[in-house]
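A.B. asks: pasting a predicted model and its sequence here:
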Amino acid sequence: LVDTLPHTFFCKDEEGRYLLVNQAFADMRGCKPLGSYLGRRVEDFETPERAALHREWDQRILAAGPGSTLSYEYSHTGASGRTEHRMVYKSLVRFPDGRLGIVGFNVDNTRRKEAEDALREQRRRLSDVIEGTNAGTWEWNIATGETAYNERWAEIIGYRLDELEQNAETWRALTHPDDLARASDMLSAHFAGLAPYYDCECRMRHKEGHWVWVHTRGRVFRHGPDGSPLVMSGTHSDISERKRAEEHLALVARFPVENPNPVLRADQAGELLYANPAAAPLLECWGQKVGGRLPAELRSELQLALESAQARSSERSYVSGIYSFTFSPFVDKGYVNIYAVNITKRKNAETALRLSELRYRELAVMLRLMCDNVPDMIWAKDMDNRYIFANKAMCEQLLCLEDTESAIGKTEEYFARREQDAHPD
């Protein structure tokens, strides 16, 4: 019977002499006949260092007393020359004649160890991405209100993480009242499936009393069986500098000559009537000057603004940078004022953030693939004992499910009732 076991099995007396071993035991040590190991000690076929390790744990289990079980790990070079990570389980038993003996298993733990190492590496990379973008992060259990913020999230508003309660009420209490309703509406739209992401800019009160503009972006990653949102996570960025620049532009737009951003005026045909000094880089890359014409793509935007009698905005890339253009029409006067802002830095930051989100999703997919390709059962539950993750082995071997998503949102009680209904006797 023991020869059919996939793991190494052994039984030895309290002096360390082997009384029984299985075929897996012999295979791990070079496939000698099973009888050649009986009556021998571990020192007879292991290196002195490894033999000392096994003997040390023999002494520990003997000291622990009958009925005790201990386990330990070590590395071993297998017959193939590959390094194996082994887990040893030892129990102390009493034989019918009253003598003590040690029964144990030696299990190949290599795949699990490699998966754990790979997972730690993926977590390190994800942490590097988050740190590199200087973004705060949050994860929200929508059902319980519990929220996990990172240090950067708290730092943006002047706090240490241990000064804030980890729940959604912290965010609500610190958000500007004038922005809270709009943020809640955006959340509702995302929950209803009307928006693929929650994407909102709002003000939050800093510890010192002033308001900080933040851009928060996230998505629901776990849904209940009825489609209700369960877990949501995202990023949190300080955009106060950008907002100050936008407010400054609004204030100085009445003074084109002093405006640090390009200000132009063009007639209905797109002929340039005016350009302030800050517009010089744009004029240079267009190869134009006052009296010349706007590029074709901007003339099209100008015509649309005049036809609709409403301001229009667009973004364009040129050699001098990426610009946001606002076309403000004066239909009765036959011209359009054009306000431009160089948004190259902002665009670069947004691109970096999108890349970090993409890497996060890729890492999440890789984590799922890794977990589904190990034989061990891996799962995670929320504070209400509901599954928020279960790998393939867990679903197939314990929960009797064909796909991993079916476990999400369910409890142990649910599976117990299902089993009882299926087998009432």
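C.D. replies: Arrived safely.
A.B. asks: which positions in the helix or strand hosting Arg359 come out as buried?
C.D. replies: Secondary structure assigned from DSSP states H and E places Arg359 in helix 344-372. For helix 344-372, the neighbour count (16 or more other CB atoms under 10 Å) marks Arg346, Lys347, Ala349, Leu353, Ser356, Glu357, Arg359, Tyr360, Leu363, Leu367, Met370, Cys371 as buried. All C-beta spots, glycine's among them, are computed from the backbone N, C-alpha and C.
A.B. asks: which of those residues sits closest to Pro66?
C.D. replies: Cys371 (37.9 Å; CB to CB).
A.B. asks: return the distance of the closest one relative to Thr404.
C.D. replies: According to CB to CB, to the nearest Å, Cys371 stands 9 Å off from Thr404.
A.B. asks: overlap of the contact sets of those two?
C.D. replies: Asn391, Lys392 (CB atoms under 8 Å, 6 or more residues apart in numbering).
A.B. asks: re the thing from before, and the helix holding Arg359, what does it pack against?
C.D. replies: helix 110-133, strand 211-223, strand 229-238, strand 321-330, helix 392-397 (3 or more CB pairs under 8 Å, 6 or more residues apart in numbering; DSSP states H and E).
A.B. asks: quick one: contacts of the second one?
C.D. replies: Going back to what we said before, that points to strand 211-223. 138, 140, 142, 156-158, 176, 190-191, 196-206, 229-240, 242-243, 353, 357, 364, 388, 408-409.
A.B. asks: just the buried residues of the residues you listed.
C.D. replies: Listed as buried from the contacts of strand 211-223 are 138, 140, 142, 156-157, 190-191, 198, 200-204, 229-240, 242-243, 353, 357, 388, 408-409; burial here means 16+ other CB under 10 Å.
A.B. asks: where exactly do the helices run in this structure?
C.D. replies: 23-28, 48-64, 110-133, 151-156, 168-174, 177-191, 240-252, 280-286, 296-308, 344-372, 392-397, 412-422 (DSSP state H).
A.B. asks: can you flag the weakest of these by average pLDDT?
C.D. replies: Mean pLDDT values for the helices of the chain show the minimum at helix 110-133, a mean of 69.
A.B. asks: follow-up on the earlier one: please name whichever of the helices of the chain is nearest to Thr83.
C.D. replies: Closest among the helices of the chain, using CB to CB: helix 110-133, at 7.7 Å.
A.B. asks: run a quick neighbour tally on Gln122.
C.D. replies: Gln122 has 16 neighbouring residues, counting by other CB atoms under 10 Å.
A.B. asks: pLDDT weak spots in the stretch 201-350 of the chain?
C.D. replies: 249-255 (pLDDT under 70).
A.B. asks: and for this structure, the residue most distant from the center?
C.D. replies: Asp97 (57.7 Å; CA atoms, centre = their mean).
A.B. asks: my read is that Glu402 contacts Lys392, right?
C.D. replies: No - counting by CB atoms under 8 Å, Glu402 stays clear of Lys392, with 9.9 Å between them.
A.B. asks: quick one, which of those two is more surrounded?
C.D. replies: A count of neighbours by other CB under 10 Å puts Lys392 above the other of Glu402 and Lys392, at 20 against 9.
A.B. asks: if I look at that one, how far off is Val107?
C.D. replies: Distance from Lys392 to Val107, by CB to CB: 20 Å.
A.B. asks: one more: Ala278?
C.D. replies: Following CB to CB, the distance that separates Ala278 from Val107 is 71 Å.
A.B. asks: and what of Asp421?
C.D. replies: Relative to Val107, and taking CB to CB, Asp421 is found at 35 Å.
A.B. asks: neighbour-wise, which of the two wins?
C.D. replies: Taking other CB under 10 Å, Asp421 and Val107 do not tie; Val107 has more neighbours (18 against 8).
A.B. asks: what's near enough to touch the more buried one?
C.D. replies: Here Val107 is in contact with His7, Thr8, Arg86, Met87, Val88, Tyr89 (CB under 8 Å, 6+ apart).
A.B. asks: quick one: buried ones out of the residues you listed?
C.D. replies: His7, Thr8, Arg86, Met87, Val88.
A.B. asks: circling back to that earlier point, make CSV out of the helices of the chain and add distance to Glu14.
C.D. replies: Output for the helices of the chain, formatted as CSV (distance: least, CB to CB, whole Å):
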stretch, distance to Glu14
helix 23-28, 19
helix 48-64, 6
helix 110-133, 31
helix 151-156, 53
helix 168-174, 59
helix 177-191, 64
helix 240-252, 71
helix 280-286, 87
helix 296-308, 88
helix 344-372, 41
helix 392-397, 36
helix 412-422, 41
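A.B. asks: among the ones you listed, which comes closest to Val319?
C.D. replies: Between the helices of the chain, helix 280-286 lies closest to Val319; by CB to CB that is 4.4 Å.
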